[in-house]
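Student: when you get a sec, could you give me coordinates for this:
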Amino acid sequence: MKLSEMRALLADRGIRLTRSLGQNFLHDANQLRRIVDAAELTASDKVLEVGPGLGPLTGLLLGRVGHLLAIEKDARLVAVLQERLFSKSDRDGPDAELVCADALQYVRQHPRDWSDWKLVANLPYSVASQILVELARGPRRPTRMVVTVQLEVARRLMARAGDRDYGLLTLLVQLNYQPHDWFRIPAGCFFPEPDVDSACVVLVRRTEPLLPEPRRDAFVRMVKRAFSQRRKMMLKLLKEQWPGERLEAAMSALGLSPRVRAEEVSLEQFVALTRALGESGQVQAARFNP
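Tutor: Numbering: from 1, shown residues only. Presented below is the predicted three-dimensional model:
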């Protein structure tokens, strides 16, 4: 969909886009093709698209996958999508489903087995991090997530210990996904043009889990507590939930200084610390809020 077509369609329908919904639509054909190529799609793939908007990415996906579930919150855009791309009279077979819903609430309230699905989406900026964490933490998570997000979020997803952007989001996603690739998308490729550049990130589900499912809640509690006050020493923060002697012994065995801060501790070290401490922490993990 060209920018001129996008403008005309919105004008004809009298639709004014809403900033609070993160409605910045990617119209650059080259970037859209790069996203689809990065997803490595096959004719048998099942794909979840969040925030299809006017459908420039949706149209490309429909021609390449076996089943597409698109979730759009804006009812005005759902009507456009239904008419342009999801009309039963124009399609053969039940291979495309369009849902009008808040995607984050939908994923939380309608648990399903995503383990043989891929997420391919230009995610709404306002909920991108939360959707990624929700899907990444689920026991039946997608095989691959190819998502366009703000450049700042992309850097956090790709970060390593010691990087400026390394933090809670990094660890909650990378526990179950390996960052595979990314490319920058200039703001001028979107309409309306956002204030910042974006990036497409490719996340591939780990073939071998770093932790068994029963230990993952403990990992989440640990990293949330460790990053709750970034400038404080991690030992002091974790002592509020784990026995001090066990904590000190485990950190020493891993070669971690008592003065280390969370941003200096790698994913692998957090995993090893979780294994060493078991389920000692008693505070339940709250939902992720970026």
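Student: can you map out the strands along the protein?
Tutor: Using DSSP state E, the strands found in the chain span residues 25-26, 46-50, 67-72, 96-100, 117-122, 144-150, 177-185, 190-191, 198-205.
Student: now do the buried residues in the longest one.
Tutor: Just to be clear, that refers to strand 177-185. Buried positions in strand 177-185, judged by neighbour count with 16 or more other Cβ atoms under 10 Å: Y177, P179, W182, I185. C-beta coordinates here come from the backbone N, C-alpha and C atoms, glycine included.
Student: export those to JSON lines and tack on distance to H110 and pLDDT?
Tutor: As requested, the buried residues of strand 177-185 are exported to JSON lines (distance: Cβ to Cβ, whole Å; pLDDT from 0 to 100):
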{"residue": "Y177", "distance to H110": "22", "pLDDT": "98"}
{"residue": "P179", "distance to H110": "28", "pLDDT": "96"}
{"residue": "W182", "distance to H110": "29", "pLDDT": "97"}
{"residue": "I185", "distance to H110": "30", "pLDDT": "98"}
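Student: which residue sits farthest out from the middle of the protein?
Tutor: E245 (36.6 Å; Cα atoms, centre = their mean).
Student: state the pLDDT value of that one.
Tutor: With respect to pLDDT, E245 scores 92.
Student: could I get the buried residue list for stretch 208-227?
Tutor: Buried residues in stretch 208-227, counting neighbours by 16+ other Cβ under 10 Å, are found at 210-211, 215-227.
Student: tell me which of the residues you listed fall in helices.
Tutor: R215, R216, D217, A218, F219, V220, R221, M222, V223, K224, R225, A226 (DSSP state H).
Student: between the strands of the chain, which one is nearest to I131?
Tutor: Closest to I131 of those, according to Cβ to Cβ: strand 46-50, at 6.1 Å.
Student: quick check: mean pLDDT across the closest one?
Tutor: For strand 46-50, the per-residue pLDDT values average out at 97.
Student: which residues of the stretch 1-150 of the chain score low on pLDDT?
Tutor: Applying pLDDT under 70 to the stretch 1-150 of the chain flags the ranges 88-94.
Student: tell me where it has helices.
Tutor: Counting by DSSP state H, counting those that start in this stretch, the segments of the stretch 1-150 of the chain that form helices are 3-13, 29-38, 56-62, 75-84, 103-109, 128-137.
Student: counting by contacts, list what the fourth one packs against.
Tutor: Packed against helix 75-84 by the contact rule (3 or more Cβ pairs under 8 Å, 6 or more residues apart in numbering; DSSP states H and E) you find helix 3-13, strand 67-72, strand 96-100.
Student: quick one, phi/psi of the residue nearest to L41 when sequence neighbours are not counted?
Tutor: Spatial nearest neighbour of L41, chain neighbours left out: R64 (4.6 Å); criterion: Cβ to Cβ, 6 or more residues apart in numbering. Here is the backbone geometry of R64 (degrees, to the nearest 10): phi -130, psi -10.
Student: show me which of the buried residues of strand 177-185 is closest to V201.
Tutor: For those, the closest approach to V201 (Cβ to Cβ) belongs to W182, at 4.6 Å.
Student: could you find the closest non-adjacent residue to that closest one?
Tutor: Counting by Cβ to Cβ, 6+ apart, W182 lies nearest to V201, which is 4.6 Å off, once chain neighbours are set aside.
Student: identify the bridge partners of the one you found.
Tutor: Beta-bridge pairing of V201 under DSSP bridges involves V147, W182.
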